[in-house]
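> return a 3D structure for these sequence lines:
(chains A and B)
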Amino acid sequence: MMFRLVAIIAGLGLALAATAEAQTPRKGGTIRMTAPYGSSFTSLDIHTTQRAQDEIYAKALHRSLYIWNSAEGKPVLELAKEDVVSGGGLVHTFKLRDDAYFHNGRKMTADDVIWSYNRIMDGTKAYPGARFVRMIEGAAAVEKGQAKEISGLKKIDDFTVEMKLTEKVDPGFYFFTALTSIYPADEGAKESFLQKPIGLGPFKFVEHVPGSRIVLERWDRFYKPGKPYADKVIVSIMAEAAARDVAFRNKEIDTSVLGPAQYVAYQNDADLKGTVVEVAEVFTRYMGMNPAFKPFADKRVRQAINYAIDTDLIINKLVKGKAYRATSWLPLTSPAYDKAMKPYAFDPAKARQLLADAGYPSGFEFEWTTSQNESWGLPIVSAVIPMLDKVGIKVKVKQVETAVLSEVVRSGDYQAFIYSQATGPDPQAALKCFHSLTPQPACNYMNYKNADFDKLIDEAGQADDAAKRIQLLQKANALLYEEAPVWFFNYNKAVMAVQPWLKGIQLNATELTHQNVEDLWVDETSPAK
Amino acid sequence: MLSFLFRRLLQTIPTVLAVVALVFVLFSVVPGSIVSSMSDDSDPQVELRMKKQLGLDQPVYVRFGSYIAKLATGDFGTSFRTREPVTTMIAKRMWPTLQLICAAMAFAVVIGVPLGFVAALKPGGIVDTLAMVVAVSGLSIAKFWLGLVLMYFFALKLGWLPSFGYGDGGLKYLILPAVTLGVSPMALFARTTRAAVLEIMTADFVRTARSKGMSETRVVKWHVMRNALVIILTTVGLQFGALMGQAVVVEKLFSWPGIGSLLVDSVLQRDIPAVQGSILVVVLSFLAINLLIDVLYGVIDPRIRYA
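Here you go, the predicted structure:
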């Protein structure tokens, strides 16, 4: 319900969606989406890529055990009709769909599910989905090359799979992204699969023009009756915001992700204002501080940094309001978000006092590693530098590529860095990044260690009662806020322009560009009939 | 002629080897790897195994030797990213890039050379002044901005052309990116042609031809044009190579599926075989065009001999 509440507050486009639902979906037409995140699709093998860009097409082509339901703000069963939980919450028995057909006409069975998860755990390939499948008992052994098959996966019959987990978690949060898509076991290993992928999704592959677009067409044997509505989906790669703007105004594309400048421009344009939809995505932007760098080992210094920065000013003036102020680690759309939390106030005097108490009355100097990213990179760092300077903290900027930055944060080779990290949708997984047993390269980038925090997370992991689990996670989140291992900057506000003829857009808090395409439809006013 | 070609081909080998070696060394020292670009949460052991499988655990000189050995058999390697042969990836991207560059060059030559020629025939006149304003503007204008302006007018305001994409490879998709890419060489050709023609017009052999009573049309056609073409051809050849490098901006802006965007994407994702393959193809294309230009010199001006 929290998701829904926030979506209602955040979503200017909700009226649009509500109107769409009131109409009868039209069959036919072409949906023209855009992939806005920088470069070509990495691969047609969606198991190999964790980029949001690739999942845009993959949501139409593939299906996973679960799917994200934006309206309910949680993962729901997709390729299974039922999940029976036993074994103290660790064993899940999935009754699979018996009406799901791959695009080669073959029916999906339990073998395909088991084969796909075993493939993802191939320890010589570094498939990014391994982080999720690792939750199944015996999966890590396959990854390490100590076993051939995941022991925690058992085929009961052709349409029943038993999955034994290592932790008491909701598997939906682990198996809803395209990273864990189910492939046809007999086709997935073939070389031809890389050129012409076969999935279970509502649209089948037609054409890939590398660097330009992917074309998909309706799969008539899709298991949801009457769906998909559209005949065709075209996903065009359009990295340049200005070019997308022209194409959107020219009615050549149906969706366009907006940056801060366009966000303002579209809101001020009477013709375009109604096309804007927005949602609080589950990403937290922050400056991570390395505790091995002496000043940052002191909590008071880290808190001083939070007090010294006028975060609201940066969000309003520089990010043009296209972000929500962060009040701790868990974002607004997290089920465990505590709306009673208040952000650090802008209080340079208090910052100076904390620095003096910590033994740095004259401040200190640190090196800040950053990428060029306009929303959480160099422009933000440049704005923060004079604010820190006023309390005596000098900053040396080290600029690197985004690809390099991800290696820097994993290796711990930094004094401070600025980053955007997925902090949802599962609050337990998001906070577990700060558990002392989570290795730095996994997601404990600040190498955070705190026994009290560990205890809260461990208790939450064992809790059977959902309300109690949320309560424990909120306590852990509050502790993190107090400890301030990071400068809590903002939660991303994702904004997309949607043409009025495209109906059924979902306010997906996990990534706004990821749409369950079978629910989208275009009315007769679409220029792409 | 044949021995000239053979010698020139032999000369390309050290150039190619130097480029390949340079790329190898660069990608050995810059931070970032394919493993980190694939997953930010992989087991360190998995990383090691993957690096071993890809041969990235070997010293640079071993990898370089193995790459050269493969290259000698025409094998550009396999992409870390897509697991496709690099030759296949490049083949898919080469045709759109060639389309774009050839169309840009055709636009540049067809507009730029006559413009420069006409300007030079009456130096200081209105046509000359206008031509040089166009030339200076064309050289100083940023491709990204120009592309957006063209999109705005010809796609959004006039509705004549699509603003982006490759479509079916048809002409209407090609025009805006080609003009965007072609404006700068067009301006350069106009200036080069004007300068070349002005210089030749004052040459002794032109004065001699005129004094012998040759008509101005024949002077221009047989003496000026022919001699100017050698200079223009050199500029065209050099621009072909330069356009290969500049195409990336246009390809990105117009979602054009060329080799430039393949190169940039591969660099960002540390897909070393694809980077090496793309750079090699660009270099080879540049060398091939220069060779072709050298051959054409002799065709245009028989005084040039291949000693």
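
> from here on, contacts and neighbour counts on C-alpha atoms
Fine.

> poorly predicted segments of the chain, please.
The chain I'm using is chain A. Within chain A, the stretches with pLDDT under 70 are A:1-22.

> that's the other chain; I wanted chain B
Across chain B, the ranges flagged by pLDDT under 70 are B:39-43, B:302-307.

> show me it divided up by domain.
Using the TED database, the domains assigned to chain B come out as B:1-73, B:87-304.

> how many neighbouring residues does the residue in the stretch 251-400 of chain A that chain B sits nearest to have?
Closest contact between the stretch 251-400 of chain A and chain B, by Cα to the nearest Cα, is at A:Glu252 (7.9 Å). Summarising burial for A:Glu252: neighbours were counted as other Cα atoms under 10 Å in any protein chain shown, giving 21.

> okay, and it sits in which element?
When elements are defined using DSSP states H and E, A:Glu252 is found to belong to no helix and no strand.

> OK, contacts around it?
A:32, A:527, B:162-163 (Cα atoms under 8 Å, 6 or more residues apart in numbering or on different chains).

> go with 10 Å
With contacts taken as Cα atoms under 10 Å, 6 or more residues apart in numbering or on different chains, A:Glu252 has the following neighbours: A:32-33, A:244, A:246, A:499, A:526-528, B:155-156, B:162-164.

> same check, this time on A:Tyr127
With contacts taken as Cα under 10 Å, 6+ apart, A:Tyr127 has the following neighbours: A:46-50, A:119-121, A:143, A:179-180, B:35, B:38-39, B:41-42, B:46.

> okay, and which of those residues map to strands?
The strands, defined by DSSP state E, take in nothing from those.

> just the contacts of A:Glu252 now: which is nearest B:Ile272?
B:Ile272 lies nearest to B:Phe164 out of those, by Cα to Cα, at 28.9 Å.

> how close does that closest one get to A:Gly392?
Taking Cα to Cα, to the nearest Å as the measure, B:Phe164 falls 50 Å from A:Gly392.

> ok, A:Asp310 next?
If you measure A:Asp310 against A:Gly392 using Cα to Cα, the figure is 15 Å.

> just B:Thr87 next, same as before
When distances are taken as Cα to Cα, B:Thr87 and A:Gly392 turn out to be 56 Å apart.

> cool, A:His47 as well?
Using Cα to Cα, we find A:His47 at a distance of 47 Å from A:Gly392.

> the two: which is more packed in?
Neighbour totals were compared for A:His47 and A:Gly392, and A:His47 leads with 23 against 19 (other Cα under 10 Å).

> and for that one, nearest residue in space, chain neighbours not counted?
The spatially closest residue to A:His47, leaving aside those adjacent along the chain, is A:Leu179, at 4.9 Å (Cα to Cα, 6 or more residues apart in numbering or on different chains).

> just give me the neighbour total for A:Asp389.
Neighbourhood size, A:Asp389 [other Cα under 10 Å]: 15.

> equivalent analysis for B:Leu198, please.
Counted with other Cα under 10 Å, the neighbours of B:Leu198 add up to 20.

> that one: what's it in contact with?
By Cα under 10 Å, 6+ apart, the contact list for B:Leu198 reads B:116-117, B:119-123, B:192, B:224, B:228.

> now, of these, which are buried?
Among these, those scoring as buried are B:116-117, B:119-121, B:192, B:224, B:228 (criterion: 16 or more other Cα atoms under 10 Å in any protein chain shown).

> ok so, going back, and the domains of chain B, which is most packed in?
Between these, the one whose residues have the most neighbours on average, counting mean count of other Cα atoms under 10 Å in any protein chain shown, is domain B:87-304 (a mean of 19).

> just the strands from the stretch 301-450 of chain A, written as ranges.
When assigned using DSSP state E, counting those that start in this stretch, the strands of the stretch 301-450 of chain A occupy the ranges A:323-325, A:365-370, A:394-399, A:416-422.

> reformat those strands as a markdown table; add distance to B:Met50 and mean neighbour count.
Below are the strands of the stretch 301-450 of chain A laid out as a markdown table (distance: least, Cα to Cα, whole Å; neighbours: other Cα atoms under 10 Å in any protein chain shown):
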| stretch | distance to B:Met50 | mean neighbour count |
| --- | --- | --- |
| strand A:323-325 | 38 | 23 |
| strand A:365-370 | 27 | 20 |
| strand A:394-399 | 28 | 16 |
| strand A:416-422 | 25 | 22 |
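
> quick one: secondary structure of B:Pro185?
Recorded secondary structure, B:Pro185: helix (DSSP: H, G, I helix; E, B strand; the rest coil).

> excluding residues flanking it in the chain, which one is nearest it?
Leaving out its chain neighbours, the residue that sits closest to B:Pro185 by Cα to Cα, 6+ apart is B:Ala108, at 5.7 Å.

> convert the C-alpha atoms of stretch A:338-345 to CSV, please.
Backbone C-alpha positions of stretch A:338-345 (Å, rounded to 0.1, in the frame of the first residue of the first chain) are rendered in CSV as follows:
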residue,chain,number,x,y,z
ASP,A,338,9.5,5.3,7.6
LYS,A,339,7.7,8.5,6.7
ALA,A,340,8.4,9.8,10.2
MET,A,341,12.1,10.1,9.4
LYS,A,342,13.4,13.6,8.8
PRO,A,343,16.4,14.5,6.7
TYR,A,344,19.6,16.1,8.2
ALA,A,345,19.0,19.8,8.5
